[in-house]
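Using only what follows, build the 3D model:
(chains A and B)
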Amino acid sequence: MSAPLSQEQKVIHFLNRTSFGPTAAEAERVNRIGIRAYLEEQLAPENIPDSLVEEKTSGLKTMRLNSRELFELYPPPKIAAERGMAMAGEMNAPRFIILELQQARLLRAVHSQRQLYEVMVDFWNNHFNIFAAKGADRWLTTAYDRDTIRPHALGKFRDLLLATAQSPAMLFYLDNWLSVSPNGAVARLAANARRRGINENYAREIMELHTLGVDGGYTQQDVREVARCFTGWTLVRPRGDAEFRFEPRLHDQGAKTVLGTRLVAGGGMDDGTKVIDLLARHPSTARFIATKLSRRFVADDPPASLVSRAAEAFRRSDGDIRTVIRSIVESPEFYSPEAYRAKVKKPLEYVASALRVTGADTKVTPQLLRYLGRMGEPLFLAQPPTGYPDAGASWVSPDMLLTRMNFATDLVGNRLDGARVQSTAWRDTQPFVRLIAPDSLSSATRAALAETEGPDALALLLATPEFQRR
Amino acid sequence: MDGSRRSFLKSAGLGFMALGLPPAFLVRAAGAQQNSHGKVLVVVFQRGGMDGLNAVIPFKDRAYYALRPSIAVAEPASGEERAIDLDGYFGLHPALAPLKNIYDKGQLAIVHAAGSPDNTRSHFDAQDYMEIGTPGIKSTPDGWLNRFLNEQRATDSPFRGVAVGAQTPRMLAGAAATLTLSSIEEFRLRHQALGPALQKLYASASDPLFRRGGNSLFDAMARLRTIESKIPPSAASYPPGKFGVGLKQIARLIKADVGMEIAFTEIEGWDTHVAEGGVTGILANRLREFGQGLAAFHQDLGDWLDDVVVVTMSEFGRTARENGNGGTDHGHANVMFVFGGRVRGGKVYGRWPGLAPEVLYEGRDLDLTTDYRTVCSEVFARHLAQRDVARIFPGFRSSASMPLMG
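Numbers count the residues shown, from 1 in each chain, chains lettered A, B, ... in the order given. Prediction:
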C-alpha cells in the first residue's frame, strides 16, 4: 500500500495506536473534535471522568489494599495452615491477588476512557517488568502497578525510574534489597547469612533494560560500580508493611566511578540517586526509550528519522513522557502508508480490541484470562526482566493464531464466560469493517464474508489477518 | 539405586496395565510401515543460566569447596546427600540421580566447561547469541535450528521443526516453516464450521506473516488428528509441569513418525541469585524436574532412542564463587548433557580448566574449553548427516572434534 492514508483511515490508525482499539463512539468523537484535540485530551487523563471503569473494578477489593493487608488476607499456604484459616481454596490464596490484578488490567484496557494512559501503564509495566509470582512480589505487585507505575506513566522518566528503583516490588524482583557491601558492618554479622556481598542483578538490568540499552556503552566494570552505589537501597518487611529504606550500614562507602563520572567517598544514599540522574539524562537512554516508544506506536523497526526526533524531544524536555509521545504521534512517519496496520496486536491488544469493537458486556473471568495466557501473554507474569517482546513475529505461531481464532468464535458465539455480545451486533458487518479496515479489506476476506452469515460473519472478521493488526 | 530403578520400571509397567494401554513396542509393532523414520535432534534450553558447577560437581577440584562454603555438594561417599560419582573426578548432583542409569548404559555423555564463548552476562544477549548461533554478532537474522531445516529440505512436513511451548524460540525462527504447540489434544478449532473459510482466507492472505502462520496451522491441525488416532499418550512417569508435558508431546510426535527432524523445548527457573541451596533447595528442585523429565523421555522412547539425540544447553553458567546471598551470579562456562541411543556416553568430555583463582575466567567464572557449537556440530555431522556445518554456524570452525557419536 503506498497511497497516503484517507481521513477515515487516519482516524482508525490513530485510535489503533493510542488506544486498545477503535469503537464507534471514539471514532465519532475524534471526527468531531479532531485528532489533535483528542490527543491533548488523552494526554491529560486526570481531566477525563472514568466512572464506568471505576464501577467495573469496584468489586476488586485487593486493588485498594496495602501489602501488609494483602499478606494478612492472602497468606502463603503454610501460614494459612498455622493460623487455622479455612482453606477456601483460591479465594484466599496469594494467587487470587494476581487474578484481580489481571482482571483490573483487562477491564481498564476495555472500558477506560483514559485509553492512552492505560496504553502507557501497560507499556511501563512491561518496560520495568517484574514477575508477580516471584516470592514476596505476590503481595507487592498491586502497589507496584498502583503507586509506582500509574502516578508517573505520563510524567517525567526520571521520576518513574526513581520510583521503580525504590519500589519494594523491584527491589525484591531484581534482588537489590539483598545486595550489601562486603565491608559493611552488617555483612560481618554471622546471623545475616543471606546478605554477605554485592548482588549485580539490578545494576545490570537498570542499564541494559531500563535506561541505556544493551548497546548503550557500559561495561562489566560499570555494572560492578553501579551495584556498589545501590548497596544499602533495601527493603524492610517484604512480607508485611513493605517499604524502601536506605540502610547506611549495608552501603559501600568508598569512591566509585560510573560511566566515567567519579563519585567521591561517603556519598551514602546519594550514590544511588546520582546514578538515577546520570542514567535518566544519558543520551543512550533518550535513544533507547525513544526507540521503544516508536516501536510501540509506529513500527517494529521504526524509521531512524523518527527515533532521532523522539530522542531529541526526550533530551530537550528532560525526559517528559508526554512530549516524547506527542513528537511520535504527530510525526509524518506515524501516518505514513508503511506504518498503517504495520503492527501485530499483542494478545492483550487483540482481546481488548475485540471486546471493544463488539461492545461486549465484559466481566473478565478466569476463562477470559486463560485465553490471554495461551496467546502467550499472561498478565503480570512475564518471568524474565525483559518483559514481553514488542515484535510482530513473536505473536504469530500456529498455536497462538489458533487460540486467537478460537477466542473470536467463542466471543461472538457467546460461549465465553464473562463477555456478552448483543445479538443485534452481527446483523450487518459493515460498521465493523469501517472500524477495522476502512477501504482496505483484502479481496479474500471480502469473498469469505460474502459467503458467511449471521454471527459467523462477525467471528470470521475478528479472526482475519486484518484484525490481527493495528 | 538399582532397586529404585527397578521399582520405577515396575510401577510404570503397572501404569500401562491400569490404563489398559499396550506398551510402546506393541504400539510400534501394530503401526504400519515405520521402517524408514528419520533422525531427530531434540534441544532442551535451560533458561536463566543453570549452575553447572552444582549440576555436575568437580568434587576432586580442591578449589570448588573453598569457593562455595554454603552451597557445595559433598563428594561421593556412602549416604544419599552427596554427589553421585561419575568417573572419580566429577559427580552428579543427587537430584539428577535418574540420569545415572542412562550414563551407566553408555547413552549419556556430559560435556563440562562448555557453552557460548561470548563474555556477555546478560540473559537476553546470551540467550540470543546462543540461539542465533553467532556469539558476538547480533545481526544474524535466523536461528541455527532453522538454518538446518533450510539446508535440508527432504520433506515438506509441517512437523520438521517443532517447538513445544507458548512461543517460537529464536533458535527455531527463520525462513523454514516451523510449528509451535503446547498440546496435541487442544490443537483444534473450537468452532469447526468456520474452518474451511478461515483456511481459504489465510491461504490467500496478502500478509505474508499471517499467510505462513495460517498455512502451517491448518496443515498441522489436519495431521495431528491422524496422530491422535494412531498414537496414544504415553504412560511414562513424566514430572508434573510444562517441561514434562513438553517432552511427553515430543515423544508422541517421534513415535507418530510425522517427519519431525528438530524438536525444541525449554525449562525455566535457573536464575539462582539467592538461596540456591546445595543438596536440597531451589536448584535441587529444578534439577530434579530436569532429570526426571529426561529419564522419563528416555524410558518412553524405548528403541526409538536409536534415532534420537537430546542436547541440553543454558545461556551461561554461574559464578564459581557463591555470592553474598547464598546464590550465584551470572557467569560463563556451563555443562551440557547429550544423550541418545547412539551417543558414546558414560563419559565426561571436555578439558577441565580448573577452578583455582588464577585460571578463572575474568577472575570469577569457570573458563570455557568447549564451544557449544562444537558439540552441536558433532551431532549435525554424525547424527543428521549435515556435511557442511559452516552453513549452520557461519564463521565457526571447531578447533577440535569431539567423538560424541558412534
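
Now the residue most central in space within chain B. Nearest residue, chain neighbours left out?
A centroid search over chain B (CA atoms, centre = their mean) returns B:V44, at 1.9 Å, as the residue closest to the centre. In space, and not counting its chain neighbours, B:V44 is closest to B:T312: 4.3 Å by CB to CB, 6 or more residues apart in numbering or on different chains. C-beta coordinates here come from the backbone N, C-alpha and C atoms, glycine included.

Quick check, the one you found in contact with B:Y372.
No - judged on CB atoms under 8 Å, B:T312 makes no contact with B:Y372 at a distance of 10.1 Å.

shared neighbours of these two, which are they?
Shared contacts of B:T312 and B:Y372, defined by CB atoms under 8 Å, 6 or more residues apart in numbering or on different chains, are found at B:M336.

Number of residues surrounding A:S181?
Using other CB atoms under 10 Å in any protein chain shown, A:S181 has 22 neighbouring residues.

can you check A:L178 too?
Quick note: A:L178 (other CB under 10 Å) scores 28 neighbours.

what about the stretch 51-200 of chain A, any weak spots by pLDDT?
The stretch 51-200 of chain A contains residues with pLDDT under 70 at A:86-90, A:184-196.

Compute the first-to-last residue distance for stretch B:182-199.
End-to-end distance for stretch B:182-199, by CA to CA, to the nearest Å: 21 Å.

could you say which helix or strand contains A:D271?
helix A:270-280 (DSSP states H and E).

Any buried residues in that helix, and which?
Neighbour-count burial for helix A:270-280 flags A:D271, A:G272, A:T273, A:K274, A:V275, A:I276, A:L278, A:L279, A:A280 (criterion: 16 or more other CB atoms under 10 Å in any protein chain shown).

Of these, which is the nearest to chain B?
Nearest to chain B among those is A:L279, at 16.2 Å by CB to the nearest CB.

so the residue nearest to the centre of chain B makes contact with B:F297?
No - contact criterion CB under 8 Å: B:V44 and B:F297 do not qualify, at 9.3 Å.

Sticking with A:L160, tell me its helix or strand.
Following DSSP H and E, the helix or strand that holds A:L160 is helix A:157-165.

So which residues make contact with the helix or strand just after that helix?
Using DSSP H and E, the next helix or strand after helix A:157-165 towards the C-terminus is helix A:168-173. When contacts are defined by CB under 8 Å, 6+ apart, helix A:168-173 is touched by residues A:67, A:128, A:130-131, A:134-137, A:140-141, A:143-144, A:148, A:164-165, A:176-177, A:202, A:233-235, A:238, A:242-244, A:385.

Give me the common contacts of B:V44 and B:F297.
By CB under 8 Å, 6+ apart, B:V44 and B:F297 have these common neighbours: B:V310.

what about the residue nearest to the centre of chain B, helix or strand, and which?
strand B:40-46.

could you give me the average pLDDT of that strand?
What strand B:40-46 shows for mean pLDDT is 98.

Which neighbouring elements make contact with the following helix or strand past it?
On the C-terminal side of strand B:40-46, the closest following helix or strand by DSSP H and E is helix B:52-55. Applying 3 or more CB pairs under 8 Å, 6 or more residues apart in numbering or on different chains; DSSP states H and E, we find helix B:52-55 packed against helix B:282-301, strand B:334-340.

With respect to burial, which of these scores highest?
Mean neighbour count, computed with mean count of other CB atoms under 10 Å in any protein chain shown, is highest for strand B:334-340 among the helices and strands packed on helix B:52-55, reaching a mean of 27.

Could you spell out the sheet neighbours of it, each with its direction?
Paired neighbours of strand B:334-340 in the sheet (DSSP bridges): strand B:108-115 (antiparallel), strand B:308-314 (antiparallel).

In TSV, list the ones you listed along with distance to A:M120, mean neighbour count and mean pLDDT.
Formatted as TSV, the strands paired with strand B:334-340 follow (distance: least, CB to CB, whole Å; neighbours: other CB atoms under 10 Å in any protein chain shown; pLDDT from 0 to 100):
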stretch	distance to A:M120	mean neighbour count	mean pLDDT
strand B:108-115	39	26	98
strand B:308-314	35	25	98
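
Which residue does chain A have closest to chain B?
Taking CB to the nearest CB, chain A has A:G197 as its residue nearest chain B, at 2.8 Å.

Contacts only, for that residue.
A:S179, A:V180, A:S181, A:P182, A:A187, B:N323, B:G324, B:N325.

any idea which of these is closest to B:D306?
B:D306 lies nearest to B:N323 out of the contacts of A:G197, by CB to CB, at 43.4 Å.

Report the spatially closest residue to that closest one, excluding sequence-adjacent ones.
Nearest non-adjacent residue to B:N323, counting by CB to CB, 6+ apart: B:D329, 5.3 Å away.

where does that neighbour fall, phi/psi-wise?
Phi and psi for B:D329, reported as degrees, to the nearest 10, are phi -100, psi 180.

Would you mind listing what in the stretch 201-350 of chain B touches chain A?
Contact residues (CB under 8 Å from any CB of the partner chain) of the stretch 201-350 of chain B with chain A: B:201-202, B:204-207, B:209-211, B:213-214, B:216-217, B:220-221, B:268-269, B:273-275, B:323-327, B:329-330.

follow-up on the earlier one: from memory the residue nearest to B:N323 sits against A:R204, does it?
No - between B:D329 and A:R204 there is no contact under CB under 8 Å: 9.2 Å.

and for the two, which residues touch both?
Common neighbours of B:D329 and A:R204 (CB under 8 Å, 6+ apart) are B:R121.

Please name the residues that touch A:L372.
A:Q102, A:L106, A:P347, A:L348, A:V351, A:P378, A:L379 are the contacts of A:L372 under CB under 8 Å, 6+ apart.

Would you mind giving the residues you listed as JSON lines with neighbour count and distance to B:G133 added?
Shown next, in JSON lines, are the contacts of A:L372 (neighbours: other CB atoms under 10 Å in any protein chain shown; distance: CB to CB, whole Å):
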{"residue": "A:Q102", "neighbour count": "22", "distance to B:G133": "36"}
{"residue": "A:L106", "neighbour count": "22", "distance to B:G133": "38"}
{"residue": "A:P347", "neighbour count": "22", "distance to B:G133": "29"}
{"residue": "A:L348", "neighbour count": "21", "distance to B:G133": "32"}
{"residue": "A:V351", "neighbour count": "29", "distance to B:G133": "35"}
{"residue": "A:P378", "neighbour count": "20", "distance to B:G133": "29"}
{"residue": "A:L379", "neighbour count": "24", "distance to B:G133": "33"}
